[in-house]
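A.B. asks: Quick check, what structure comes out for this input:
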Amino acid sequence: MNCGEVVLANVQFPDLIGIKKRPAVVLFEDLGNIVVAGITSNTKMKGIPLTKKEGAIKDSVIKTNYIFTIANELIEKQLFSLTKEKKLILYHNLEDKIKQLRK
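C.D. replies: Next up, the predicted model:
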């Protein structure tokens, strides 16, 4: 998996009871573990807009406050890749969040 790939993944709920297929964007991969940011179609949520024109099934939001690690085996398929410009927006957003945590 490469950074910026949007994938369909089997994501476990925090209550550990259920699993659902959800889109997510790959941030990085290390030793078979993939760190991703969740994507939601609830465009009222905070995050980075992702449009149908960019490849999303429907207008969505990359939730940079919803980052988690999944095993490579939980990836169903690659859906599309973010543009270089969108990847830069994503990483600048993540850098800003890290800077806020350091304060």
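A.B. asks: what's the burial count for the residue lying closest to V11 once chain neighbours are set aside?
C.D. replies: Once flanking residues are discounted, V11 sits nearest to R22: 4.5 Å by C-beta to C-beta, 6 or more residues apart in numbering. The way it works is simple: take the backbone N, C-alpha and C, and place the C-beta from them, glycine included. Using other C-beta atoms under 10 Å, R22 has 16 other residues around it.
A.B. asks: Distance check, R22 against L50.
C.D. replies: Distance, R22 to L50, using C-beta to C-beta, to the nearest Å: 13 Å.
A.B. asks: residues shared between the contacts of the two?
C.D. replies: I39 (C-beta atoms under 8 Å, 6 or more residues apart in numbering).
A.B. asks: could you measure the nearest residue to K58 once chain neighbours are set aside against E5, distance?
C.D. replies: Leaving aside its chain neighbours, K58 sits nearest to S41 (5.2 Å; criterion: C-beta to C-beta, 6+ apart). To E5, S41 is 19 Å away according to C-beta to C-beta.
A.B. asks: who has more neighbours, those two?
C.D. replies: E5 (19 against 13).
A.B. asks: How about the contacts made by the residue nearest to K58?
C.D. replies: I57, K58, D59, S60, V61.
A.B. asks: And it, how far from E95?
C.D. replies: For S41, the distance to E95 - C-beta to C-beta - is 26 Å.
A.B. asks: hmm, back to that, need the contacts of S41 in CSV with neighbour count, can you?
C.D. replies: Output for the contacts of S41, formatted as CSV (neighbours: other C-beta atoms under 10 Å):
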residue, neighbour count
I57, 12
K58, 9
D59, 13
S60, 22
V61, 20
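A.B. asks: Just the ones of those in helices?
C.D. replies: Among the contacts of S41, no member falls in helices (criterion: DSSP state H).
A.B. asks: out of those, which are inside strands?
C.D. replies: S60, V61 (DSSP state E).
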